[in-house]
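Participant: no letters, just coordinates:
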């Protein structure tokens, strides 16, 4: 075959997912939660401890978690026991509980001199950014995972969103409660399934991690 008719050779491209574990990220197990919480407490890292606890309790997507404002969780001189926010992805409200462990860590963080007069709950340390970015949050989560010796590619910010709901489903078998806590849109079928948002919140409050 004349050389001019030979097919052109192209350099092989490395697949974007080579060496990575892809698919749904794993939730943290209770022992992982206790270990990370203990490490942050010993390190005296008030911000990351509050961020970690809030990520587990709220079950929010990273984009919504980093955008939380102080007023969303704090009113009349105390941290709320329950609150809500509008999800940026769905435009729908989601309610979530703030357990005592998380409330205590939030109180310490909000009372920190670094937080005086600030609007966002997780202010960015990068000039010009009002709050922690999702990329910064992802790096923080990666650090938590790596501190336990876990494979970082198997976990991510969505692991934080899944951690508590995985335990709720494991302990109760109540898939509808999981759905009502922000993992699928709510519709009129709620009344026929025998679970409402108050029931779901009560179940979630009863799961201690």
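Facilitator: Nice, I can see it. Since the structure is predicted, the reported quantities are computational estimates derived from the model, not experimental observations. Residues are numbered from 1 along each chain as shown.

Participant: list the buried residues of the longest helix along the chain.
Facilitator: Identified as the longest helix of the chain according to DSSP state H is helix 157-172. Using 16 or more other Cβ atoms under 10 Å as the test for burial, helix 157-172 gives 157-169. (C-beta placed from N, C-alpha, C; glycine too.)

Participant: low-confidence ranges, the chain, go.
Facilitator: 1-23, 173-208 (pLDDT under 70).

Participant: let me see the ranges of the strands in it.
Facilitator: With strands called from DSSP state E, the chain shows them at 74-75, 78-79, 82-86, 93-97.

Participant: highest mean neighbour count out of these?
Facilitator: Counting by mean count of other Cβ atoms under 10 Å, strand 93-97 has the highest mean neighbour count of the strands of the chain, with a mean of 19.

Participant: quick one: that one to strand 82-86, angle?
Facilitator: 160 degrees (axes from the mean of the first three to the mean of the last three Cα atoms, to 10 degrees).

Participant: which neighbours does strand 93-97 have in its sheet, and in what orientation?
Facilitator: strand 82-86 (antiparallel) (DSSP bridges).

Participant: what's around the closest residue to residue 51 other than its chain neighbours, how many residues?
Facilitator: Excluding its sequence neighbours, the residue lying closest to residue 51 (Cβ to Cβ, 6 or more residues apart in numbering) is residue 122, at 6.1 Å. By other Cβ atoms under 10 Å, 25 other residues sit near residue 122.

Participant: which residues does residue 122 contact?
Facilitator: By Cβ atoms under 8 Å, 6 or more residues apart in numbering, the contact list for residue 122 reads 47, 51, 65, 66, 68, 131, 132, 137.

Participant: also residue 84?
Facilitator: Residue 84 makes contact with 93, 94, 95, 96 under the criterion Cβ under 8 Å, 6+ apart.

Participant: with residue 79 instead?
Facilitator: 73, 98, 102, 103, 106, 107, 110.

Participant: what does stretch 64-75 contact?
Facilitator: In contact with stretch 64-75 (Cβ under 8 Å, 6+ apart) are residues 51, 54-55, 58, 60, 79-80, 83, 85, 87-89, 98, 106, 110, 115, 118-122, 131-134, 136-137, 160.

Participant: go again with 7 Å.
Facilitator: Contacts with stretch 64-75, where a contact means Cβ atoms under 7 Å, 6 or more residues apart in numbering, come from 54-55, 58, 79-80, 83, 85, 87-88, 98, 106, 110, 118-122, 131-134, 137.

Participant: what does stretch 153-163 give?
Facilitator: Against stretch 153-163 from outside (Cβ under 7 Å, 6+ apart): 20-21, 25-28, 33, 55-56, 59-62, 137-138, 141, 145.

Participant: what's the neighbour count on the residue lying closest to residue 123 once chain neighbours are set aside?
Facilitator: Leaving aside its sequence neighbours, residue 123 sits nearest to residue 131 (Cβ to Cβ, 6+ apart; 6.0 Å). Residue neighbour count, defined by other Cβ under 10 Å, stands at 17 for residue 131.
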